[in-house]
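[1] kindly generate the corresponding structure for this input.
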Amino acid sequence: MDDKNNATKTTITITDQLNSLRSILRSDDYLQIQPSGDYEQVRIKLDYDIQISFLFDSLNILNKSLTINNVHNLRITKSSNKCQLNNEQWTNIRKYFDELIQNQNESSSLLSIVQSIQGYLLKNIMVNQKSKQKTKKIMETTAVEDVSTMSNTFRGADLIFNRILHDKSIDRSQVIIGYEDRFTGIHEIAFNEFKKVHEHEYGVPMHRIRYFKINGCIVWDRTRKLDILTGSEQQNETTYDTEERPILVQGLYHFDQSLQQWIIQYPHITLTSDNPKVPSTNETCLPERCHIVTWNILFDYYQPALIYTSQRYRSILDTLKSLLPDIICLQEVTYNFLNLLLNEIWLQENNYYIIIMKNIIDSDKEKSYGQLMIMKNFRPRSFSICPLDLSDNDGETAVATTVTKQKITKELII
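    Sure thing, here's the model as predicted:
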């Protein structure tokens, strides 16, 4: 009788384990099971067209768990010739996979293996791929010590959605999803009523999800990089009262859709490194017709209530959203406005590059401000941020107030 109960319990556990594997993937379809002779083959799709596959005996596995010792032909392969990894990256991940298997004991679960590979991809491939490609083009490199802090294992909305969908310990009736509509802002919907974009005509893309609530408490928040549900690295440093500061150094940034983060492309590209005889690429070529918007944002260090800062900022962002210009030049920008701007969906989705000055990043400490230059569908061939001396030699202007002292030297984007 006990053996029968144990067998039943184990059978349920096998199903739960397959669902657990699905819960950490971007989509249910990323785990496929199909017959392969006397065995069943499982294929698990990961990013960059990489897959982990293994075989198991559907008759004998009923009394066993999905561990390394209980499956056959466990391997990692490229799922197609579209794999974006270069030879060095592919060699490194295969080496990591082999060492991972060798260092595990026989009872190690396949779930832990897949999670380890996902973490490796996120930390060592996704984040570094662009920087490796760009480094070859930079003739003069500036050390960027703090960029690495922008990259971490923060999980995307699709992974959180699948976790909630398959985790039996979570009551889905108590889950609320907050998502952003292009025109009307943030809306909330019950998890069980939520439709993905491929499931319904009016479905919501996963990248529009802003937060998840369980029993009224936020457990995942894209803007704050808060993830209580899976315990991602960033959540330990994030609280409801602490504003996230994702931009730490000046330079050119671009939004990475796979990471859902702004990633630095270059700290600068010296003007002398640009050879005017070399034609522009598609990435650096201006469109035939450009729609350009310039705007003085007006910093709010003095009497912000009288200039209606919050209403003005919102109005400026809404106007830019409605226009989607090719080039945007903003003046007197502070970090508070920058933080609002970087969280705008329209900016993230429309292939914008943005040059951010150090004066903006440090504005909270020094009450400084700076300029932003934003470009759609192209990046500059070269750029530098240079100081301009605004000192007046007239003796009368030497007696300056503390308000004007900070304007004696002004940095410009060239």
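
[2] give me the below-cutoff pLDDT ranges for the protein.
    The chain contains residues with pLDDT under 70 at 1-14, 62-63, 124-153, 182, 198-201, 231-248, 304-305, 364-366, 390-410, 414.

[3] which residue ranges of it form helices?
    In the chain, the segments counted as helices under DSSP state H are 2-23, 87-103, 110-120, 127-135, 157-166, 309-323, 335-342, 345-349, 358-361, 363-366, 402-405.

[4] quick one: these as a markdown table, columns for distance to Tyr48 and mean neighbour count too.
    (Glycine included, C-beta is placed from N, CA and C.) Shown next, in a markdown table, are those (distance: least, C-beta to C-beta, whole Å; neighbours: other C-beta atoms under 10 Å):
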| stretch | distance to Tyr48 | mean neighbour count |
| --- | --- | --- |
| helix 2-23 | 19 | 14 |
| helix 87-103 | 9 | 13 |
| helix 110-120 | 11 | 17 |
| helix 127-135 | 9 | 15 |
| helix 157-166 | 16 | 20 |
| helix 309-323 | 32 | 14 |
| helix 335-342 | 26 | 19 |
| helix 345-349 | 21 | 17 |
| helix 358-361 | 32 | 20 |
| helix 363-366 | 38 | 13 |
| helix 402-405 | 52 | 9 |
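
[5] make TSV out of these and add distance to Glu188.
    Shown next, in TSV, are those (distance: least, C-beta to C-beta, whole Å):
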stretch	distance to Glu188
helix 2-23	23
helix 87-103	39
helix 110-120	29
helix 127-135	32
helix 157-166	14
helix 309-323	20
helix 335-342	21
helix 345-349	17
helix 358-361	33
helix 363-366	31
helix 402-405	44
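
[6] and of the ones you listed, who's closest to Thr67?
    When these are compared by C-beta to C-beta, helix 110-120 sits nearest Thr67, at 6.9 Å.

[7] I'd like to know which elements the closest one is packed against.
    Packing partners of helix 110-120 (3 or more C-beta pairs under 8 Å, 6 or more residues apart in numbering; DSSP states H and E): helix 2-23, strand 39-46, strand 50-56, strand 72-78, helix 87-103.

[8] need the ones you listed in CSV (columns: distance to Asn351).
    Compiled in CSV, the helices and strands packed on helix 110-120 are given as follows (distance: least, C-beta to C-beta, whole Å):
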stretch, distance to Asn351
helix 2-23, 32
strand 39-46, 25
strand 50-56, 25
strand 72-78, 27
helix 87-103, 24
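
[9] what's the closest of these to Thr284?
    helix 87-103 (25.3 Å).

[10] alright, calling it a day.
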